[in-house]
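A.B. asks: how would this look folded up:
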Amino acid sequence: MRARGSAVVGQCVEQRIDRASACANLVVIDAIADAKEATETHLYARLCDLTNMDLRLVCYDLTSTYFEGSTRPSVRFPSRAFGYSRDHRGDRPQIVIGLLCTSDGIPIAHHVFAGNTNDAATLGEVLADLSDRFAVGRICVVADRGMISVANVEVVADSGFDHIFATRLHRDAACAEALQAADGDDTVWVEVPEAHSRAAEVTLGDQTRAVVVESDARVERDTARTAELVANTETKLLALEQRVRDGRLKDPAKIGRAAQRILGSSGAARLFDLEIGEGQFTYHYDQDAHDYEKLLAGRYVLSTSLTPTQASAAQILTAYRQLLNVESRFRVLKDFLHLRPVRHWTEQRVRGHVAVCVYAAVIETLINKALVAADIRDPDIGDQHLTAARALRELDRIRHINLTAAGRDIALTTRPNPAQQQILAALNIDTNTWNKATIT
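C.D. replies: As a prediction, the model looks like this:
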């Protein structure tokens with residue numbers, strides 16, 4: 001009975017310690033959220049000293065992260081809301097996270113927005129914050145097609161910045177005009193080998209400078225994908241046409257709903273025109289839409305305020321591709337640093353959790369840069385450098401051991417293997433004392 005009672009007391013003590021630790025962690029999370037702006041400003045100053053950081057080009061993009069549990073609105077967490085989900089979880093409430101990075105992918109600031117925030121609506125706030133807190137000079141802002149709008153172009157210009165924006169591919173007059181302009185025989189295309197693409201510069205009617213980008217691989221991919229979507233959609237439309245012809249479906253409203261169900265998820269609705277009447281249904285191709293799809297295949301358009309003397313068409317494309325570094329940070333946040341699942345349910349603590357993950361992503365990026373600078377290769381993929389994730393897994397095998405012998409306490413560290421020594425040297429970690437045991 002005593003042993004059993006002691007075990008129960010021990011469990012209670014452990015639970016109290018765990019609860020105390022959890023409470024302490026939550027206090028820290030709150031403090032991190034409160035100090036977010038000061039921390040980012042301090043990190044920026046230190047990174048400028050440590051990495052000779054180049055902020056002539058900044059990349060901005062957005063992601064979202066969703067929440068399990070209740071889907072009802074919460075006064076303690078007003079930013080949790082339904083919106084467009086990058087994780088394909090439109091059934092879950094979420095927040096939107098904006099990340100501002102240098103051209104080589106170092107995060108310098110992040111912003112948390114309500115889950116139903118429109119992408120384009122975030123840019124003004126982010127640029128104002130960038131100007132106020134980081135005292136930057138004239139820089140170029142790179143953003144994807146979700147950011148482009150007349151208002152945002154004006155916001156960037158009013159902030160004294162330049163821009164490189166991808167245009168929307170459909171229902172965008174500037175994109176259509178640029179594609180038409182680049183379709184002539186006299187268009188000068190410049191090969192950009194590092195992007196596996198070629199680029200052509202055109203000037204639009206309003207004097208906007210645009211760069212059209214294309215690649216043979218994307219042409220083949222887009223053409224095949226469009227043909228597949230059209231074939232699948234046409235098969236379903238033919239079946240609907242047969243149902244109407246057989247008299248099984250006569251009501252125009254019901255025919256219209258059936259057609260909408262087909263086109264709504266087809267990815268090819270813009271390519272078809274429908275005629276619906278009492279007991280009648282026919283479809284045909286929208287030839288203008290098909291012609292535009294052929295023109296668009298394998299291409300996209302970049303709009304920029306940079307002049308040709310500031311950046312060539314190839315340099316514009318290379319700068320735009322730096323957004324891949326932001327996308328890489330998003331993958332790191334979600335997969336390696338476990339941004340999700342979020343185990344907090346209040347606004348303040350969720351913001352603190354996001355901040356911790358972003359600061360960890362800064363460290364991950366610096367580790368990657370150090371590994372590349374030291375030219376440490378992945379032993380299994382020789383043409384790639386070792387990643388921070390794999391380097392940390394390798395270092396995690398090093399152990400600090402405590403022994404007791406003859407009444408003396410001995411502390412020692414396992415000897416790093418050659419791979420670990422390479423990583424530690426790249427990170428400038430002094431291991432001279434590791435080979436010596438400490439005896440007390």
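A.B. asks: now Val141, which residues is it bridged with?
C.D. replies: Val58, His163 (DSSP bridges).
A.B. asks: Run through the residues that contact it.
C.D. replies: Val141 makes contacts with 58, 60, 123, 127, 156, 161-164, as judged by C-beta atoms under 8 Å, 6 or more residues apart in numbering. For every residue, glycine as well, the C-beta is placed using N, CA and C.
A.B. asks: and if we set it to 10 Å?
C.D. replies: The contact partners of Val141, by C-beta atoms under 10 Å, 6 or more residues apart in numbering, come to 57-60, 100, 123, 126-127, 130, 147, 152, 155-156, 159, 161-165, 305.
A.B. asks: For it, give its distance to Asn152.
C.D. replies: Distance of Val141 to Asn152, given as C-beta to C-beta, to the nearest Å: 9 Å.
A.B. asks: which residues do the two both contact?
C.D. replies: Joint contacts of Val141 and Asn152 (C-beta under 10 Å, 6+ apart) are 123, 127, 163, 165.
A.B. asks: tell me the two of those that are most distant?
C.D. replies: Leu127 and Phe165 (13.0 Å; C-beta to C-beta).
A.B. asks: quick one: common contacting residues for these two?
C.D. replies: What both Leu127 and Phe165 touch, as defined by C-beta under 10 Å, 6+ apart, is the set 141, 152, 156.
A.B. asks: got these as CSV, with distance to Gln260 and pLDDT columns?
C.D. replies: Output for the shared contacts of Leu127 and Phe165, formatted as CSV (distance: C-beta to C-beta, whole Å; pLDDT from 0 to 100):
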residue, distance to Gln260, pLDDT
Val141, 39, 93
Asn152, 32, 88
Val156, 38, 90
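A.B. asks: any residues touching the helix or strand in which Ile255 is found, and which ones?
C.D. replies: In the assignment (DSSP states H and E), Ile255 maps to helix 252-264. The contact list for helix 252-264 (C-beta under 10 Å, 6+ apart) reads 232-237, 239-241, 243-244, 249, 251, 268-272, 274, 276-281, 283.
A.B. asks: can you give me the mean pLDDT across that helix?
C.D. replies: Across helix 252-264, pLDDT averages out at 94.
A.B. asks: Run the chain-centre distance for that helix.
C.D. replies: Helix 252-264 has its average C-alpha position 35 Å from the chain's average C-alpha position, going by C-alpha atoms, centre = their mean, to the nearest Å.
A.B. asks: That helix: which residues count as buried?
C.D. replies: For helix 252-264, a neighbour-count test (16 or more other C-beta atoms under 10 Å) marks 255, 258-259, 262-263 as buried.
A.B. asks: Hmm, Gln310 is touching Asp162, no?
C.D. replies: Yes. Taking contacts as C-beta atoms under 10 Å, Gln310 lies within contact range of Asp162: 7.5 Å.
A.B. asks: the more surrounded of the two?
C.D. replies: Each of Gln310 and Asp162 has its neighbours counted (other C-beta atoms under 10 Å); Asp162 has more, 20 against 12.
A.B. asks: so that one touches Ile139, yeah?
C.D. replies: Yes. Using C-beta under 10 Å, Asp162 is in contact with Ile139, at 7.3 Å.
A.B. asks: Common neighbours of these two, please.
C.D. replies: The contact sets of Asp162 and Ile139 overlap at 56-57, 156 (C-beta under 10 Å, 6+ apart).
A.B. asks: out of those, who has the most neighbours?
C.D. replies: Greatest neighbour count in the shared contacts of Asp162 and Ile139, by other C-beta under 10 Å, goes to Val156: 22 neighbours.
A.B. asks: Work out for me the element that residue sits within.
C.D. replies: helix 150-158.
A.B. asks: From the contact counts, what lies against that helix?
C.D. replies: Counting contacts by 3 or more C-beta pairs under 10 Å, 6 or more residues apart in numbering; DSSP states H and E, helix 150-158 packs against helix 123-134, strand 140-143, strand 162-166.
A.B. asks: for this protein, what spans make up the helices?
C.D. replies: With helices called from DSSP state H, the chain shows them at 2-34, 36-51, 123-134, 150-158, 173-181, 216-245, 252-264, 287-296, 313-320, 323-331, 347-373, 388-395, 418-426.
A.B. asks: Out of those helices, which gets nearest to Thr71?
C.D. replies: Once those are compared by C-beta to C-beta, helix 347-373 is nearest, at 15.6 Å.
A.B. asks: What are the buried residues along the closest one?
C.D. replies: For helix 347-373, the neighbour count (16+ other C-beta under 10 Å) marks 347-355, 357-362, 364-371 as buried.
A.B. asks: Could you chop this structure up by domain?
C.D. replies: What the record gives for the chain is the domain set 32-167+300-370, 218-295, 388-439, from automatic domain parsing.
A.B. asks: Identify the residues contacting the spatially closest residue to Glu201 that is not a sequence neighbour.
C.D. replies: Excluding the flanking residues, the one nearest Glu201 by C-beta to C-beta, 6 or more residues apart in numbering is Ala313, at 4.3 Å. The contact partners of Ala313, by C-beta under 10 Å, 6+ apart, come to 188-190, 192, 198-202, 209-213, 302, 304.
A.B. asks: Quick check: the gap between Ala313 and Thr187.
C.D. replies: Ala313 is 11 Å from Thr187, by C-beta to C-beta.
A.B. asks: which residues are common contacts for these two?
C.D. replies: Between them, Ala313 and Thr187 share these contacting residues under C-beta under 10 Å, 6+ apart: 200-202, 212.
A.B. asks: Thank you kindly, that will do.
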